[in-house]
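1. Mind looking at a prediction? Sequence and model below.
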2 protein chains.
Amino acid sequence: MRSVKRIADSTIRRLSVYLRFLEDFESRGLATISSDELARRGGTTSAQVRKDLSLFGSFGKRGLGYSVPELASRLREILGLGRQWKVVIIGAGKIGAALVQYLGLKQRGFRVLAAYDSDSSKIGKTFEGIPVRDVGHLERDARKNPPDIAVLAVPSDNAQAVVNRLVACGVKAILNFAAAQLQVPSDVTVKTVNMAMELEGLSFALTSRD
Amino acid sequence: MRSVKRIADSTIRRLSVYLRFLEDFESRGLATISSDELARRGGTTSAQVRKDLSLFGSFGKRGLGYSVPELASRLREILGLGRQWKVVIIGAGKIGAALVQYLGLKQRGFRVLAAYDSDSSKIGKTFEGIPVRDVGHLERDARKNPPDIAVLAVPSDNAQAVVNRLVACGVKAILNFAAAQLQVPSDVTVKTVNMAMELEGLSFALTSRD
């Protein structure tokens, strides 16, 4: 695909949303969808849908809407879902274990190689068929089978040190569940899921309505 | 506090980040912080810090920086963290259980009343001292002790039906872990944490660098 630069995160999220609806439509055997319908389901406007898609080329025909299988296939390609990404999960606590389960069962396109922990009571166990390995083996394992994405589910005190090791292993994409601001080189992408911040956002919304 | 309208989510997230640094400073007994230092730690600019804070009144003195305890206290007030919010968790599967643990142990200001499930093998158990109750009792429980915030950790097929029940119970804030677009009245705030979308954002970033 052609190189795509500086696309806003919010655009990528909307593409993910559109893809979900298209796949729902595909599974029901529907052939076309209008930008109006995509917009309505995605909670946006048809102008926004057209603008989002126009960033990646020309789609659909005026008055006929989009071909569902064609647009779904193109969005999968744009989002990089045509291949399988290798994922490691660092931290096999409650959150890490829930993520192994989630990723193991639900996400096509993402294959979990292993979870890592430093707790000897966890090392050697398996979650959903995924081995829990000694985090001391991270570098050696990564040389044999380099992961594309690391999911970070370690205590926040420990997060930056683990990230430094992941970056040294060549990992370029990190999904961070630790409540820490991470420093990474500019060629590494970090997405942070921070439940405390989401809750504070709700607390703010409840407070400012009073 | 005075009514605050239409503050961007990104601003609120930055306030949460600033508060974390301020609390770290408080715990180390430091009295003042400059907008430069807040900016550097928060990965933003000092102009942005000053702009964010100016939305909520006047803080700090030119050349002297901000008083750490004063600004921390004001941010807690702005974010509504001076009181305790009552939380229910709907869905006691792996993700729900991990959330109970997380919320139960870590989040001051958020008190989990109960988790709800329809699975009779889970009902009656406790997670971290939090009871798992029959979701059929949701409305009755909510009349006795109305929750402020609901955390939704149910399968996506089921999510809208549960949300309709929560809205009917008067819940005005929902943290959604289901992979579903939820329809809610305009006075209800929903924050969605969607791991599939975060992963697709990483997949996109990896793909577009090639």
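-> Yep, it's here.
2. ok, how many other residues are close to A:Y116?
-> Applying other C-beta atoms under 10 Å in any protein chain shown, we find 26 residues neighbouring A:Y116. Where you see a C-beta, it was placed from the backbone N, CA and C, and this is true even at glycine.
3. Pop out the phi and psi values for it.
-> Main-chain torsions, A:Y116, degrees, to the nearest 10: phi -130, psi 140.
4. Grab the nearest non-local neighbour of it.
-> Once flanking residues are discounted, A:Y116 sits nearest to A:V135: 4.2 Å by C-beta to C-beta, 6 or more residues apart in numbering or on different chains.
5. The one you found against A:S118, yeah?
-> Yes. Counting by C-beta atoms under 8 Å, A:S118 is a contact partner of A:V135 at 5.0 Å.
6. need the helix or strand of chain A with the lowest average pLDDT.
-> Within chain A, no helix or strand scores below helix A:94-106, which has a mean of 72 by mean pLDDT, DSSP states H and E.
7. Name the surrounding residues that touch it.
-> Contact with helix A:94-106 is made by A:87, A:89-90, A:92, A:110, A:112, A:115, A:117, A:127-130, A:151, A:153, A:177, B:94-95, B:97-98, B:101-102, B:195-196, B:199, as judged by C-beta atoms under 8 Å, 6 or more residues apart in numbering or on different chains.
8. Pretty sure A:S203 sits against B:E77.
-> No. Between A:S203 and B:E77 there is no contact under C-beta under 8 Å: 10.9 Å.
9. Which of those two has more residues huddled nearby?
-> Between A:S203 and B:E77, A:S203 has the larger neighbour count (other C-beta under 10 Å), namely 25 against 14.
10. Which other helices and strands does the helix or strand containing that one contact?
-> Here A:S203 sits within helix A:195-209, counting by DSSP states H and E. The helices and strands touching helix A:195-209, judged by 3 or more C-beta pairs under 8 Å, 6 or more residues apart in numbering or on different chains; DSSP states H and E, are helix B:9-27, strand B:85-90, helix B:94-106, strand B:149-152, strand B:173-176, strand B:189-192.
11. let's see it at 10 Å
-> Judged by 3 or more C-beta pairs under 10 Å, 6 or more residues apart in numbering or on different chains; DSSP states H and E, the packing partners of helix A:195-209 are helix B:9-27, helix B:68-78, strand B:85-90, helix B:94-106, strand B:110-117, strand B:149-152, strand B:173-176, strand B:189-192.
12. now, of these, which is deepest in the fold?
-> A comparison of those by mean neighbour count, using mean count of other C-beta atoms under 10 Å in any protein chain shown, puts strand B:149-152 on top with a mean of 28.
13. How far away from the center of its chain is that one?
-> Relative to its chain's centre, strand B:149-152 lies at 10 Å (C-alpha atoms, centre = their mean, to the nearest Å).
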